[in-house]
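Q: fold the stuff below for me.
(2 chains)
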Number of protein chains: 2
Amino acid sequence: VPKVSEAHKQRRREQILDGARRCFARYGYEGATVSRLEEETGLSRGAIFNYYASKDALFIELAMEMSKRLTDVWLHEGFRAVLDAIVREDPDWLAVQLEATRRLRTDPGFKELIEEREEELRGERSERLEQVRPKVRDDVPLEDAVVFLSFVANGLALRHTVGDPLPDLDVIAQLVDQGVAPR
Amino acid sequence: VPKVSEAHKQRRREQILDGARRCFARYGYEGATVSRLEEETGLSRGAIFNYYASKDALFIELAMEMSKRLTDVWLHEGFRAVLDAIVREDPDWLAVQLEATRRLRTDPGFKELIEEREEELRGERSERLEQVRPKVRDDVPLEDAVVFLSFVANGLALRHTVGDPLPDLDVIAQLVDQGVAPR
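A: Take a look at the predicted model:
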C-alpha cells in the first residue's frame, strides 16, 4: 500500500470541507444527504467518512474553521476586515449555521460533539486569546470584549443572511473601536 | 349578534399570541401544527384564524411584537435593560426565531408577508426612530446606531439560545455606550 503524503491528506480535507460547505449552504442541514455530499465533494462516502467521522463532525469542523479564520482576520487586519469577511461569506452558509442553533438545543448528541471538539481546541483557543490581548483596552475584561465582538459579528451575519440593507460598516467598526480598542 | 367589545378582542389576541409563542417555542416552527396551536391557545382554529390570517402571520406578529417591546425597553429603561430582557426570554422562542431566518431565504411568500407587515408599520417605526434620537450621539448616524444595537442584541440572543456562558452584561452595556451614548 503506498503511503499517502500529509500534503495529499491536507488537499483531500480541503476538498471535502469546500464541497460540504457548498452542500450545506445549498440544501440546508437536513437536505445535505450523504449522496449530495458525495456529489458536491466529488468523493465517495467511504473517502469522506475516512476523514470525518460523520455529517455532524463535518459540519462542526466547518463552523469552527470559520470562527478561527475570522479570529485570524481580526488579529492581522483588524475588526473592520472581519466585518468585510462576513459580508463576503455565502449567506446560505451563514443561514445554515444559524439554523443549527436549534439543533444544539434539541439534540444532546450534537451538543456533546461540539463540546468535545472545543475541549480538544482549548489550548489553541487560549493561545489565540493571548494573541488578541493587545487589541483590547486594558480596563476591559478580555473574555467579555471577545464575546462583545462575537455579538457584533453574529448580528451582522444574521442581517446578511436575511438580506436586509447593511449599515455603513465603517461606522459599525468605529462604534466597536470606541469601546474595545486601546486608547 | 352581540357586538364583541374592543377589550374582548384585545384579550383574545393576547391569548392567541401567548399560546402561539409557547407552541412555537416548544415544537419549533414546523412542529407547531394547527392542532397544537389549538391546544396551547385553548381556542379553535376558527377562532385563531379569525384574528390572524395564517400560522405565518401569527409568527411574524410575535416576532414584531418582541422587537417593538425591546425598543420600548431601550427607550424607557436604557440598553442595559434590553440585555436583561433578552436573557429573560425563553431561549426556545429565540431559537425558533433564528430558525426562521433560513425560511426567509427559501420561501418568497414568507418574505413578502414580512415586507407587507413592515410596510404597514413603517409610520410607527419612523416615529419610534425619532423617539430614540436623544439616546444616540449626534455624530453617529441614527440608523447605523440602531442596527449596531440590534447586532449586539441579536448576538446576545443567539448566545442565550445556545446556552454558552453569558458575559458580564454591565461590561457589554458599557462597551455599547462608549460608542453610542451621547457624551
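Q: for chain A, name the helix or strand with the lowest mean pLDDT.
A: Ranked by mean pLDDT, DSSP states H and E, the helix or strand of chain A with the weakest confidence is helix A:91-106, at a mean of 86.
Q: contacts for it, please.
A: With contacts defined as CB atoms under 8 Å, 6 or more residues apart in numbering or on different chains, helix A:91-106 is touched by A:21, A:24-26, A:28-29, A:59, A:63, A:66, A:86, A:110-111, A:114, A:157-158, A:160-161, A:163, B:28, B:91-92, B:95-96, B:98-99, B:101-102, B:105, B:158, B:161-163. All C-beta spots, glycine's among them, are computed from the backbone N, C-alpha and C.
Q: restricted to helices, list these.
A: Applying DSSP state H to the contacts of helix A:91-106, the entries found in helices are A:21, A:24-26, A:28-29, A:59, A:63, A:66, A:86, A:110-111, A:114, A:157-158, A:160-161, B:28, B:91-92, B:95-96, B:98-99, B:101-102, B:105, B:158, B:161-162.
Q: please indicate which of the residues you listed are buried?
A: Burial by neighbour count, 16 or more other CB atoms under 10 Å in any protein chain shown: within the ones in helices among the contacts of helix A:91-106 this picks out A:21, A:24-25, A:28-29, A:59, A:63, A:66, A:86, A:110, A:114, A:157-158, A:160-161, B:28, B:91-92, B:95-96, B:98-99, B:101-102, B:105, B:158, B:161-162.
Q: near chain B at all, the host helix or strand of residue A:126?
A: Using DSSP states H and E, residue A:126 sits in helix A:122-132. No - judged by CB under 8 Å from any CB of the partner chain, helix A:122-132 and chain B are separated, with a smallest distance of 13.2 Å.
Q: what's next to that helix, contact-wise?
A: Defining contact as CB under 8 Å, 6+ apart, one finds that helix A:122-132 is touched by A:68, A:71, A:74-75, A:118, A:142-143, A:146.
Q: go again using 6 Å as the cut-off
A: Helix A:122-132 is contacted by residues A:71, A:75 when judged by CB atoms under 6 Å, 6 or more residues apart in numbering or on different chains.
Q: in it, which residues are buried?
A: Buried residues in helix A:122-132, counted by 16+ other CB under 10 Å: residue A:128.
Q: repeat that for stretch A:169-181.
A: By neighbour count on 16+ other CB under 10 Å, the buried set for stretch A:169-181 is A:169, A:171-181.
Q: from the chain's centroid, how far away is it?
A: 22 Å (CA atoms, centre = their mean, to the nearest Å).
Q: again, but for stretch A:120-128
A: Here the centre of stretch A:120-128 is set off from its chain's centre by 15 Å, with CA atoms, centre = their mean.
Q: again, but for stretch A:51-65
A: Centroid displacement of stretch A:51-65 relative to its chain, using CA atoms, centre = their mean, is 11 Å.
Q: avg pLDDT for it?
A: Averaging pLDDT along stretch A:51-65 gives 94.
Q: let me know the helix or strand that residue A:47 is in.
A: Counting by DSSP H and E, residue A:47 is part of helix A:45-51.
Q: again, but for residue A:14
A: Going by DSSP H and E, residue A:14 is part of helix A:6-31.
Q: between that helix and helix B:91-106, how many degrees?
A: Helix A:6-31 and helix B:91-106 are oriented at 100 degrees to each other (axes from the mean of the first three to the mean of the last three CA atoms, to 10 degrees).
Q: give me the next element, helix or strand, following helix A:6-31.
A: Per DSSP H and E, the helix or strand that comes after helix A:6-31 is helix A:34-41.
Q: give me the buried stretch members for that next one, please.
A: Buried, per 16+ other CB under 10 Å, within helix A:34-41: A:36-38, A:40-41.
Q: stretch A:144-156 now?
A: Buried, per 16+ other CB under 10 Å, within stretch A:144-156: A:144-156.
Q: closest to residue B:5 out of these?
A: Ranked by distance to residue B:5 (CB to CB), the buried residues of stretch A:144-156 are led by residue A:155 at 41.7 Å.
Q: once you drop chain neighbours, what's closest to that closest one?
A: Excluding its sequence neighbours, the residue lying closest to residue A:155 (CB to CB, 6 or more residues apart in numbering or on different chains) is residue B:151, at 2.5 Å.
Q: contacting residues for the one you found?
A: A:152, A:155-156.
Q: as TSV, those with pLDDT would be great.
A: Shown next, in TSV, are the contacts of residue B:151 (pLDDT from 0 to 100):
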residue	pLDDT
A:152	98
A:155	96
A:156	97
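Q: from the residues you listed, which single one is nearest chain B?
A: residue A:155 (2.5 Å; CB to the nearest CB).
Q: residue contacts, the closest one?
A: Neighbour list for residue A:155: B:151, B:154-155 [criterion: CB under 6 Å, 6+ apart].
Q: apply 8 Å and report the result again.
A: Residue A:155 sits next to B:150-155 when contact means CB under 8 Å, 6+ apart.
Q: output those residues in CSV, with secondary structure appended to each entry.
A: Output for the contacts of residue A:155, formatted as CSV (DSSP: H, G, I helix; E, B strand; the rest coil):
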residue, secondary structure
B:150, helix
B:151, helix
B:152, helix
B:153, helix
B:154, helix
B:155, helix
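Q: and the closest residue to residue A:16 other than its chain neighbours, how far is that from chain B?
A: Taking CB to CB, 6+ apart, and ignoring the residues beside it in sequence, residue A:16 has residue A:41 as its nearest neighbour in space, at 5.2 Å. Per CB to the nearest CB, to the nearest Å, residue A:41 is found 22 Å from chain B.
Q: can you tell me if stretch A:62-82 touches chain B.
A: No - legend: contact between stretch A:62-82 and chain B by CB under 8 Å from any CB is lacking; minimum distance shown is 11.5 Å.
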